[in-house]
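> generate a structure from the sequence data that follows.
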Amino acid sequence: MLLLLGLGLLATLHASAQDTFPAKERVVLVREAIVYISPDASSAKLAQAERGREGAVLDRSRQWVQVFINTEQGRNVTGWILDKGLVRASTPNGDRILFGEAVDSEAEAQRRRGRKNAAQDAMRLYYRTFEYFPSSPLAGEALYRAADIKWQIDAADAKSRPSAKDDPRYRPHIDEDLMREVRKKFPKTRWHALAEFNLLENKLCGDWGGKSKCPEKDTEIYEEYVKEFPQSPKAAEALYLAATRQAALIEIYKTENNPGKSQAAKAKGIALAQRVMAQFPDSDWSPRAARLAFLMEQGVPLYGNTLE
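Here you go, the predicted structure:
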């Protein structure tokens, strides 16, 4: 269900009002708005449009504008809204206004009992920031944050499915379109590096099933990421996660009667943890790596149900 919601949101983001109904002017809502059948607040209500929705302006009447707009119910309607809280490409500081509303909506989504669909509002607003103001210094971050919210929605759905434990080749993949758009529009930036880190999720195993193949592959994936993006904000985390895979392999190789590989995994796991501590001493991953290295050095089992 959530995946369908995510795909629907993506379609909504990419299908602009101008694509559907050419108009000279487009607007983005930074507030919820009631769509009326005529430019009169006492007239019949056609629908309610949320933050981040885009409208094609068709006509004006005093403080009202007639718009063609997509609504929460997924319907395209033509009606009148008050010309308030609408951002245009010509609006001074429009990028900051849209981005600010997106940040506020994202915070609302994280708040207990926050506004319903606030995360979707934030995603639309971030995307519109990038779309309307592509030259803004906020554009790269805005596109990444839109992609990240959609990724989280889709990932939650994928993980809830029974097939999430299967080989990644057969698991439902999280839609990559927005993350790939970050890569294309903002190559070799921190936003590109962050997008690539999210994309790793589609390559990782679900349930290892006690076999060495999955953690071996995961380690390679994380190491390759750090090699390609050594300055990424996620480099320390990737190295740490590679170390945890080696920590698991110490025990897995023992069950496969391969003590030599178990010792090699221990040495590699400790070396990876030490890299985190040496290269990223001020990150939270550094003390976590210190703990992990300590436990591996002490021979404490870090995979399976063994309790000593």
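> where along the stretch 201-308 of the chain do the helices fall?
Taking DSSP state H, counting those that start in this stretch as the criterion, the stretch 201-308 of the chain carries its helices at 213-228, 235-255, 259-279, 285-298.
> next, the angle helix 259-279 makes with the first one.
Our comparison of helix 213-228 with helix 259-279, counting by axes from the mean of the first three to the mean of the last three CA atoms, to 10 degrees, yields an angle of 30 degrees.
> include distance to Lys185 when you put the helices of the stretch 201-308 of the chain into CSV, please.
To be clear about C-beta, it is placed using only N, CA and C from the backbone, and glycine gets the same treatment. Output for these, formatted as CSV (distance: least, CB to CB, whole Å):
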stretch, distance to Lys185
helix 213-228, 18
helix 235-255, 22
helix 259-279, 29
helix 285-298, 29
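> any idea which of the ones you listed is most buried?
Comparing the helices of the stretch 201-308 of the chain by mean neighbour count (mean count of other CB atoms under 10 Å), helix 235-255 comes out on top with a mean of 23.
> tell me what angle that one forms with helix 213-228.
Comparing the axes of helix 235-255 and helix 213-228 via the same axes, to 10 degrees yields an angle of 150 degrees.
> name the helices or strands packed onto helix 235-255?
Using 3 or more CB pairs under 8 Å, 6 or more residues apart in numbering; DSSP states H and E as the contact test, the elements touching helix 235-255 are helix 213-228, helix 259-279, helix 285-298.
> so for the last one, mean pLDDT?
Model confidence over helix 285-298, given as mean pLDDT, is 98.
> can I assume Arg275 is in contact with Ala238?
No: Arg275 sits out of contact with Ala238 when judged by CB atoms under 8 Å, with a separation of 10.7 Å.
> residue ranges with poor pLDDT in the stretch 151-300 of the chain?
Applying pLDDT under 70 to the stretch 151-300 of the chain picks out residues 162-171.
> picking that back up, of all the helices of the stretch 201-308 of the chain, which one is nearest Ala109?
When those are compared for distance to Ala109 using CB to CB, the nearest one is helix 235-255, at 22.9 Å.
> so Ala290 is in contact with Ala278, correct?
No: between Ala290 and Ala278 there is no contact under CB under 8 Å: 11.0 Å.
> show me where the protein has strands.
Under the criterion DSSP state E, the chain carries strands at the ranges 25-29, 33-36, 45-49, 54-61, 64-70, 76-82, 86-87.
> could you export those strands as TSV, including distance to Gly210?
Output for the strands of the chain, formatted as TSV (distance: least, CB to CB, whole Å):
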stretch	distance to Gly210
strand 25-29	51
strand 33-36	55
strand 45-49	52
strand 54-61	50
strand 64-70	48
strand 76-82	52
strand 86-87	54
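> make a markdown table from the ones you listed and add distance to Val182, mean pLDDT and mean neighbour count to it.
Formatted as a markdown table, those follow (distance: least, CB to CB, whole Å; pLDDT from 0 to 100; neighbours: other CB atoms under 10 Å):
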| stretch | distance to Val182 | mean pLDDT | mean neighbour count |
| --- | --- | --- | --- |
| strand 25-29 | 20 | 96 | 23 |
| strand 33-36 | 29 | 96 | 20 |
| strand 45-49 | 27 | 94 | 17 |
| strand 54-61 | 20 | 95 | 19 |
| strand 64-70 | 24 | 95 | 22 |
| strand 76-82 | 28 | 96 | 19 |
| strand 86-87 | 22 | 98 | 22 |
